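K.L.:
sequence first, then the predicted structure:
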Amino acid sequence: MSSDEPGTPPDPPRDEVIAERRAKLDRWRARGVDPYPVGVEVTDALADVRAAWDDKLEPEEASGQDVAVAGRMVLRRGHGKLVFVVLREGDAELQLMCQPQTLGQGGMAILDELDLGDWVAATGEVVRTRRGELSVHARSLTLIGKSLRPMPDKWHGLRDVETRYRQRWVDLTVNADARRVLRVRAATIRALRAELEERGYLEVETPLLHPVPGGALARPFVTHHNALGVDLYLRIAKELYLKRLVAGGLPRVYEIGRVFRNEGLSTRHNPEFTMLESYEAHADYHDVMDLTQALIQRAAREAAGGTDLIYDERPVDLGGDWPRRRLLDLVRAATGRADVAYDADLDELRALCATHGVRTEEGWGPGKLVLELYEKLVEGELWDPTFVIDYPVEVSPLARRHRSDPHTTERFEIIVTGRELGNAFSELTDPDEQRARFEEQARAKAAGDADAMSVDADYLAAMEFGMPPMGGLGIGVDRLVMLLAGVTSIRDVILFPTLRP
């Protein structure tokens, strides 16, 4: 680390700094002081002191109110008979004014042994300094957590992206924006949960370990249960267990939690991520579109302050009613070919894909080819929220066949800023058709499609018990937080993302 400030000598090497701090640690212990005590009495959070006194004292006025506060020491200035220290707790900062006449020589000696990054407790009177800074006129200082590693250089901060993600505790200490994103995430989840609770949904928890991976087209992580002697799979979706609950008589259920997919890393993908899934008896995908819009708009109001956002330097409007456009119509418009259809000649569809640089594979049917055209030509261009509806049956193994078009399902994805935020459909509740779809998926898996589903006999038994019509929804919480926080990498919204070794 080094400083660019004119006249400032370069910082000592990191190893020397750590060695010096360890020497101070030894001195603390030699004096009988525990640098890592069990606890400390704190009567006031730094934010509460600021809220109570920020607008109530004139310069050089004392409050007559004593407080006991604590925080990480992030700044120190002054020498000799007047030293100012800044403590930080969360996003709140508060200054300590340290003088021998109040702190005593012993307290000043303690101050001399403190380093930036140390956790410190202090007691004293709330005052305002001559320059107008709200402060605590310290009467005592206590070391409550010795820092052995230096904080990032104050001029450069923590700019290395890899370091930010690998050492999130440092990132949160020095980057206010990292703390802001964390608050946006928490507010987003609160808003989603509140909207569903108000609509009468019951929050439930379903297994993380599944005997059969299902609920999505994805490759699972595999683990082994020693006692049972069986392989289990980290869940790739919650869907099949939540729908079992609807079959059991719970009309509205939801779960917010982690799912796991054995896929690559990118700015949009992390192998473990958070999904909201909800299921409602007697609903169809039109009802779920209404619910999706309400959930995202509420989250925007409560986590981002409104529905007019800026994302990646472009405005995005989440307000109003969102358009609903058929996937096939979007592909026809993008290709300029009104004859694109799910019963079109396969060779003609493959030729159209080749014209637009879309890769194809042997065995793909017309539905898959049309979907690939959509994903290459259309999805990334949909900026403001759009419900893309009526996906082909071939790529929608859990969705109900469309009531008026046998080639499609009553499925939609919500697309915002060119990426999918959610996937939903009128659920397939016919056990015989579901079995046929599962068997088709199993044949694809046997042919080499690692993302295809397996036959889940237990889920089929639940369907045969009898399922009401229902609408289901899955929202990628991390991508929603990215949108509302205005960040373009999923690693910014997951506190401890998966990283390459």
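P.N.:
Structure's in. What do you need?

K.L.:
just confirm Glu93 contacts Val49, I think it does.
P.N.:
No. Glu93 is beyond contact range of Val49, at 10.6 Å (criterion: Cβ atoms under 8 Å). Every C-beta, even on glycine, is put in place using the N, C-alpha and C of the backbone.

K.L.:
tally of neighbours for the closest residue to Arg185 other than its chain neighbours?
P.N.:
Once flanking residues are discounted, Arg185 sits nearest to Val481: 4.7 Å by Cβ to Cβ, 6 or more residues apart in numbering. Neighbour count for Val481, taken as other Cβ atoms under 10 Å: 26.

K.L.:
and Val481, that's in a helix?
P.N.:
Yes. Counting by DSSP: H, G, I helix; E, B strand; the rest coil, Val481 is located in a helix.

K.L.:
show me where the stretch 101-250 of the chain has its helices.
P.N.:
161-166, 168-174, 176-198, 239-247 (DSSP state H, counting those that start in this stretch).

K.L.:
redo these as a markdown table? Include mean neighbour count, mean pLDDT and distance to Ala446.
P.N.:
Output for the helices of the stretch 101-250 of the chain, formatted as a markdown table (neighbours: other Cβ atoms under 10 Å; pLDDT from 0 to 100; distance: least, Cβ to Cβ, whole Å):
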| stretch | mean neighbour count | mean pLDDT | distance to Ala446 |
| --- | --- | --- | --- |
| helix 161-166 | 14 | 82 | 38 |
| helix 168-174 | 17 | 87 | 42 |
| helix 176-198 | 17 | 97 | 38 |
| helix 239-247 | 22 | 96 | 21 |
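
K.L.:
so for Gly39, which of the ones you listed sits nearest?
P.N.:
Gly39 lies closest, by Cβ to Cβ, to one member of the helices of the stretch 101-250 of the chain: helix 168-174, at 20.4 Å.

K.L.:
which residues touch that closest one?
P.N.:
For helix 168-174, the surrounding residues in contact (Cβ atoms under 8 Å, 6 or more residues apart in numbering) are 72, 88, 117, 151-152, 157-158, 163-165, 178-179, 182, 495-496.

K.L.:
which residues are in contact with the helix or strand of the chain with the lowest mean pLDDT?
P.N.:
In the chain, no helix or strand scores lower on mean pLDDT, DSSP states H and E than helix 161-166, which sits at a mean of 82. The contact list for helix 161-166 (Cβ under 8 Å, 6+ apart) reads Leu158, Val170, Asp171, Asn175, Ala178, Arg491, Pro497, Leu499.

K.L.:
how about a cut-off of 6 Å?
P.N.:
Residues outside helix 161-166 that contact it (Cβ atoms under 6 Å, 6 or more residues apart in numbering) are Leu158, Asp171, Arg491, Pro497, Leu499.

K.L.:
tell me the one of those nearest Glu203?
P.N.:
The closest of the contacts of helix 161-166 to Glu203 turns out to be Pro497 (Cβ to Cβ; 25.7 Å).

K.L.:
got a list of what that closest one touches?
P.N.:
By Cβ under 6 Å, 6+ apart, the contact set of Pro497 is Tyr165, Asn270, Arg491.

K.L.:
what about it, distance to Phe273?
P.N.:
9 Å (Cβ to Cβ, to the nearest Å).

K.L.:
so what sits against both of these two?
P.N.:
By Cβ under 6 Å, 6+ apart, no residue touches both Pro497 and Phe273.

K.L.:
could you give me the average pLDDT of stretch 296-314?
P.N.:
Across stretch 296-314, pLDDT averages out at 98.

K.L.:
what do you get for stretch 97-105?
P.N.:
94.

K.L.:
same thing with stretch 132-151?
P.N.:
Across stretch 132-151, pLDDT averages out at 95.

K.L.:
from one end of that stretch to the other, what's the distance?
P.N.:
With Cα to Cα, to the nearest Å as the measure, stretch 132-151 spans 28 Å from end to end.

K.L.:
please apply the same query to stretch 403-419.
P.N.:
One end of stretch 403-419 sits 27 Å from the other (Cα to Cα).

K.L.:
phi, psi of Val85?
P.N.:
The phi/psi pair for Val85 (degrees, to the nearest 10) reads phi -130, psi 140.

K.L.:
cool, Thr360 as well?
P.N.:
Here the main-chain torsion angles of Thr360 (degrees, to the nearest 10) amount to phi -130, psi 160.

K.L.:
so who does it touch?
P.N.:
By Cβ under 6 Å, 6+ apart, the contact list for Thr360 reads Arg350, Cys353.

K.L.:
what's the answer for Gly486, then?
P.N.:
Contacts for Gly486 (Cβ under 6 Å, 6+ apart) come out as Tyr311.

K.L.:
apply 8 Å and report the result again.
P.N.:
With Cβ under 8 Å, 6+ apart, Gly486 has these contacts: Leu309, Ile310, Tyr311, Asp312.

K.L.:
beta partners for the second one?
P.N.:
Beta-bridge partners recorded for Ile310 (DSSP bridges): Pro315.

K.L.:
tell me which of Glu93 and Val49 has more neighbours.
P.N.:
Taking other Cβ under 10 Å, Glu93 and Val49 do not tie; Val49 has more neighbours (22 against 17).

K.L.:
gap between that one and Ala354?
P.N.:
Going from Val49 to Ala354 by Cβ to Cβ gives 68 Å.

K.L.:
again, but for Glu133
P.N.:
From Glu133 across to Ala354, the span is 68 Å (Cβ to Cβ).

K.L.:
out of these two, which sits in the busier spot?
P.N.:
Neighbours were counted for Glu133 and for Ala354 using other Cβ under 10 Å; Glu133 has more, 14 against 11.

K.L.:
now do the strands in the stretch 51-200 of the chain.
P.N.:
For the stretch 51-200 of the chain, the strands defined by DSSP state E, counting those that start in this stretch occupy 62-77, 83-89, 92-98, 119-128, 134-145.

K.L.:
contacts only, for the nearest residue to Thr498 once chain neighbours are set aside.
P.N.:
With sequence-adjacent residues excluded and distances taken as Cβ to Cβ, 6+ apart, Thr498 is closest to Pro271, at 5.0 Å. For Pro271, the contacting residues are Phe221, Phe260, Arg261, Asn262, Glu263, Leu265, Thr498, by Cβ under 8 Å, 6+ apart.

K.L.:
likewise for Pro468?
P.N.:
Val246, Pro251, Ala281, His282, Thr429.

K.L.:
do you know how far it is from Ala461?
P.N.:
With Cβ to Cβ as the criterion, Pro468 and Ala461 are 17 Å apart.
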